[in-house]
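Enquirer: Build me a model from this:
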Amino acid sequence: GQGTRLGADRPKQLLALGGRPMLQWSVEAFLASPVIADLVVALPGDLAAGPPDYLQQARVRIVTGGTTRQASVAAALNS
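Expert: Numbers count the residues shown, from 1 in each chain. Now for the predicted structure:
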């Protein structure tokens, strides 16, 4: 999501919650699970080109998302 309805200046998954971006909480929770082998994260183009440090891990694959949620999901599934 873009975060516009929230009144944010960036995608809502990048807003801090408890001192860390919401996306970081989710990534860490998934990677802590023994049943998750790899994680695909779809990001806007500018972020996909230079993702935050917490996404730069061997088990995390970054793909460029689309202009809609459906396009982002398709990009992740097709990666």
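Enquirer: Neighbours of Pro52, how many?
Expert: Using other C-beta atoms under 10 Å, Pro52 has 13 other residues around it. Backbone N, C-alpha and C define where each C-beta goes, glycine included.
Enquirer: Sketch out the strands for this structure, chain order is fine.
Expert: 16-17, 20-21, 39-43, 60-64 (DSSP state E).
Enquirer: Check these for me and report the most buried one.
Expert: strand 39-43 (a mean of 19; mean count of other C-beta atoms under 10 Å).
Enquirer: other SSEs contacting that one?
Expert: helix 22-32, strand 60-64, helix 69-77 (3 or more C-beta pairs under 8 Å, 6 or more residues apart in numbering; DSSP states H and E).
Enquirer: which residues are contacting that strand?
Expert: 23, 27, 30-31, 48, 51, 55, 59-66, 72-73, 75-76, 79 (C-beta atoms under 8 Å, 6 or more residues apart in numbering).
Enquirer: same thing with stretch 54-71?
Expert: Here stretch 54-71 has contacts from 1, 21, 23-24, 27-28, 31, 36-45, 48, 51, 72, 74-76, 79, using C-beta under 8 Å, 6+ apart.
Enquirer: what mean pLDDT does that stretch have?
Expert: In this model, stretch 54-71 has a mean pLDDT of 92.
Enquirer: can you check stretch 17-37 too?
Expert: 94.
Enquirer: Name the residues of it that are buried.
Expert: Within stretch 17-37, the residues that qualify as buried are 21, 23-24, 27, counting by 16 or more other C-beta atoms under 10 Å.
Enquirer: next one: stretch 39-58
Expert: For stretch 39-58, by 16+ other C-beta under 10 Å, it's 39, 41-44, 47-48, 55.
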